[in-house]
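**Q** pasting a predicted model and its sequence here:
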Amino acid sequence: MNFLDALTTAFALPFMGRALIVMLVLSVAAGVIGVFINLRGLEFLSDGLTHAVFPGLAAGFVLSGHNGVLIGALIAAAAATIVLTLMSNNKVASDATTAIVLTAMFSIGVIIVSASSGRAGGLEQLLFGHLLTVTDTEAITTVVVSLIALVLVLLTFRRQVFRAFDSVASAAAGYRRVVTELVLNVAIALVIVAASNAVGNLLVLAVLIVPGALSRLVSNRLGGLFVVAISAGLLASWIGLAAGFSISVNGGVDVPGGATVALTFIALYAIALIVRVIRKGANA
Amino acid sequence: MRNISTPALAIRGGALSYGTTTALTDIDITVMPGEAMALIGPNGSGKSTLLKGVLGLIPLVEGTMTFGESAGADTGIGYLPQTEHIDPEFPVSLKQVVMMGRYRKLGLFTFPGKADRHAVKKAIADVGLTNVANKRFGSLSGGQQQRGFLARALASEPGLLLLDEPFNGLDQPNRDALLQTIRELKAAGVGIIVTTHDLDLAREVCDTVLFVNGRQIAFGPKDDVLTLANLQEVFSDFQVEIDEHTVVVPGHEGH
Ligand SMILES: Nc1ncnc2c1ncn2[C@@H]1O[C@H](COP(=O)(O)OP(=O)(O)O)[C@@H](O)[C@H]1O
Ligand SMILES: [Mg+2]
């Protein structure tokens, strides 16, 4: 099956359809939240949460397989979110200390999975996901976690915008800063958990950071950012999954769906960057 | 009509501190609806601190603070900060920034309606920025941004308005326009606190004056408080302008 056929017909296959639904829902949540990550400059915190979630994923997986991953990740995410939110509010730790702690967390996760025998391929699946072989249960939980994250941000949308633009004035208007920040951080953590389940822990940042960054290249209207970020996510999910499928079928190699999706995100970003440079050149 | 018998703001024996360092003490003030109070003191004397305390951004560590019904602690206060740190690339238009002044009035599931759009339009017109309403906020000049933030405070239709050195960097026409806006707000029953170095300005639109220098030096009707003795106490070692003459006020040692 060639790539163009894959774009349309492949998704009739149940496992492809399931992967697509998971990615589409995740893309909407990650698009909206990714815009706020970009506006607030929270890329480092997101990276940190992603690392911190890993030992939770690993422990959950070792203890009870794929269905334990979500629980483990949620527990780790909750702990990490609270610690990181408090740390950034009180400025107790430098970026360097945070980076060291988080790298340690990640390493611990790798050791946990590697040390447990009898779960062959586990590490690879946690790092790169297993988008094309997710079970119904995994698909549903990933979708639900994404939707919760999305609802959290939509319910606090105005105060998130206000906080991102002008932290002092939003507090003066009566929006408590720690509440605004905690809600966004929790939403980020939930999307990381969902995305870890889908595209794997290593590729989370592509889904979470790239759409927001890309939207800033394309639009300088607030509404435009969200439209662009979500559209980019939907497009990358569709093209990426189809590409992964056709490579696997034609090439006979087993390519993780998450990797092709992540690469499509990067490709879209590159295109946006090139278009912008050309447009700027044309205007100059 | 607003209830004019209860103060928009009253502070009794108030003290404010940043963590363990006390910045301002002995505050005893009343701001009535329709009244403007000039808040005067040298740099670092605690003027901005007092405004932040009124907003609840820093805690009152001593005393009490009460608000009138039109200036509830959360929703009824408009605020123009002294300095704003915003990302000039942030993708919002002036109109969207001014709409932020309406956010607290909007319900969780309600979108801005006619009244909100009208208030935003009027506030932008009041500060003379109608022709740039749709421009990206960061692309405006510093003075235009300052007026944009004022419009945001006005759009919230506050019962109490806090202006932190609003006349800094304004040219004559804009200064006159702001004075006019303050007069209109007073007529509408808004209580106003405005920090300034400019005594003429205090005389022109304010009813009461509060002198501070780490603590309250004097508070009362402007004619009672704007005295040379008070000025000397507040601005010891500073130069002040009195009736267009620059006077070096002698410093005094030992209190
Ligand atoms: N965030 C802060 N933390 C600690 N001290 C502060 C802070 N902001 C202001 N101060 C101190 O409080 C005092 C009053 O400052 P401020 O209210 O800004 O003065 P003004 O507005 O009258 O120039 C100064 O001594 C200043 O150093
Ligand atoms: Mg000040």
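**A** Yep, that arrived. Ligands and ions are numbered 1, 2, ... in the order given.
**Q** how much space separates residue B:27 from ligand 1?
**A** 12 Å (Cβ to the nearest ligand atom, to the nearest Å). Any C-beta I mention is one placed from the backbone N, CA and C, and that applies to glycine too.
**Q** show me what contacts that residue?
**A** By Cβ atoms under 8 Å, 6 or more residues apart in numbering or on different chains, the residues touching residue B:27 are B:11, B:13-16, B:50, B:63, B:212, B:216.
**Q** between those, which is closest to residue A:71?
**A** Taking Cβ to Cβ as the measure, residue A:71 sits nearest to residue B:16 out of these, at 46.4 Å.
**Q** tell me which element that closest one is part of?
**A** Assigned by DSSP states H and E, residue B:16 belongs to strand B:9-18.
**Q** export only the CA atoms of that strand, formatted as CSV.
**A** What follows is strand B:9-18, C-alpha atoms only, in CSV (Å, rounded to 0.1, in the frame of the first residue of the first chain):
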residue,chain,number,x,y,z
LEU,B,9,-11.7,52.4,51.3
ALA,B,10,-10.8,52.8,55.0
ILE,B,11,-7.5,51.7,56.6
ARG,B,12,-7.0,51.8,60.3
GLY,B,13,-3.6,51.4,61.9
GLY,B,14,-2.4,49.6,58.8
ALA,B,15,1.2,48.2,58.3
LEU,B,16,2.6,46.5,55.2
SER,B,17,5.7,44.3,54.8
TYR,B,18,7.6,42.3,52.3
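**Q** neighbours around the residue in chain A that ligand 2 sits nearest to, how many?
**A** Minimum separation of chain A from ligand 2 (Cβ to the ion) falls at residue A:168, amounting to 12.8 Å. Residue neighbour count, defined by other Cβ atoms under 10 Å in any protein chain shown, stands at 18 for residue A:168.
**Q** surely it is in a helix?
**A** Yes - counting by DSSP: H, G, I helix; E, B strand; the rest coil, one finds residue A:168 located in a helix.
**Q** I figured it hits residue B:81, correct?
**A** Yes - counting by Cβ atoms under 8 Å, residue A:168 touches residue B:81, with 5.8 Å between them.
**Q** if we can go back for a sec, now the strand holding residue B:16: mean pLDDT?
**A** In this model, strand B:9-18 has a mean pLDDT of 95.
**Q** the residue of the stretch 151-284 of chain A at minimum distance from ligand 1 and residue B:178, how far apart?
**A** Residue nearest to ligand 1 within the stretch 151-284 of chain A (Cβ to the nearest ligand atom): residue A:168, separated by 11.0 Å. Computed as Cβ to Cβ, to the nearest Å, the residue A:168 to residue B:178 distance reads 21 Å.
**Q** same question, residue A:257
**A** Separation of residue A:257 from residue B:178 (Cβ to Cβ): 60 Å.
**Q** higher neighbour count, those two?
**A** Remark: of residue A:257 and residue B:178, residue A:257 carries more neighbours, 31 against 22, as counted by other Cβ under 10 Å.
**Q** where are the low-confidence patches of the stretch 101-250 of chain A?
**A** Low-confidence segments of the stretch 101-250 of chain A (pLDDT under 70): A:117-121.
**Q** can you rerun that using 90?
**A** Along the stretch 101-250 of chain A, segments meeting pLDDT under 90 span A:101-138, A:168, A:171-178, A:196-203, A:220, A:244-250.
**Q** which residue ranges of it form helices?
**A** Ranges of helices in the stretch 101-250 of chain A, per DSSP state H, counting those that start in this stretch, are A:122-128, A:136-155, A:157-165, A:167-172, A:177-199, A:204-218, A:222-251.
**Q** do the fourth one and chain B meet?
**A** So the one you mean is helix A:167-172. Yes - Helix A:167-172 is in contact with chain B by Cβ under 8 Å from any Cβ of the partner chain, via A:168-172.
**Q** ok, of the residues you listed, which come out buried?
**A** The neighbour-count criterion (16 or more other Cβ atoms under 10 Å in any protein chain shown) marks A:168-172 among these as buried.
**Q** which residues are in contact with residue B:67?
**A** B:8-9, B:73, B:76, B:159-160.
**Q** export those residues to TSV and tack on neighbour count and distance to ligand 1?
**A** Listed next are these as TSV, based on neighbours: other Cβ atoms under 10 Å in any protein chain shown; distance: Cβ to the nearest ligand atom, whole Å:
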residue	neighbour count	distance to ligand 1
B:8	31	21
B:9	24	17
B:73	15	20
B:76	22	22
B:159	23	23
B:160	25	18
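**Q** does residue B:62 count as helix, strand or coil?
**A** Per three-state DSSP, residue B:62 ends up strand.
**Q** tell me the spacing between it and residue B:24.
**A** Taking Cβ to Cβ as the measure, residue B:62 falls 10 Å from residue B:24.
**Q** who has more neighbours, the two?
**A** The residue with more neighbours, out of residue B:62 and residue B:24, is residue B:24; 24 against 14, by other Cβ under 10 Å.
**Q** measure how far the strand or helix carrying that one is from the centre of its chain, please.
**A** Taking DSSP H and E as the definition, one finds residue B:24 inside strand B:21-31. Averaging C-alpha positions (Cα atoms, centre = their mean, to the nearest Å) puts strand B:21-31 16 Å from its chain's average.
**Q** in it, what counts as buried?
**A** Neighbour counts using 16+ other Cβ under 10 Å place B:22-25, B:27, B:29-31 of strand B:21-31 among the buried residues.
**Q** and the closest residue to residue B:27 other than its chain neighbours, how many neighbours?
**A** The shortest distance from residue B:27 to any non-neighbouring residue, by Cβ to Cβ, 6 or more residues apart in numbering or on different chains, is to residue B:14 (3.8 Å). Counted with other Cβ under 10 Å, the neighbours of residue B:14 add up to 22.
**Q** how about residue B:58?
**A** 18.
**Q** is it fair to say it lies in a strand?
**A** No - counting by three-state DSSP, residue B:58 is located in no strand; its state is coil.
**Q** hang on, it packs against residue B:21?
**A** No - look at residue B:58 against residue B:21 with Cβ under 8 Å: they stay out of range, at 11.0 Å.
**Q** can you pull the domain assignment for chain B?
**A** Structural domains annotated on chain B: B:1-77+B:158-255, B:85-157, as defined by automatic domain parsing.
**Q** close to ligand 2, is the first one?
**A** Yes - under the criterion of Cβ under 5 Å from the ion, domain B:1-77+B:158-255 makes contact with ligand 2 via B:47-48.
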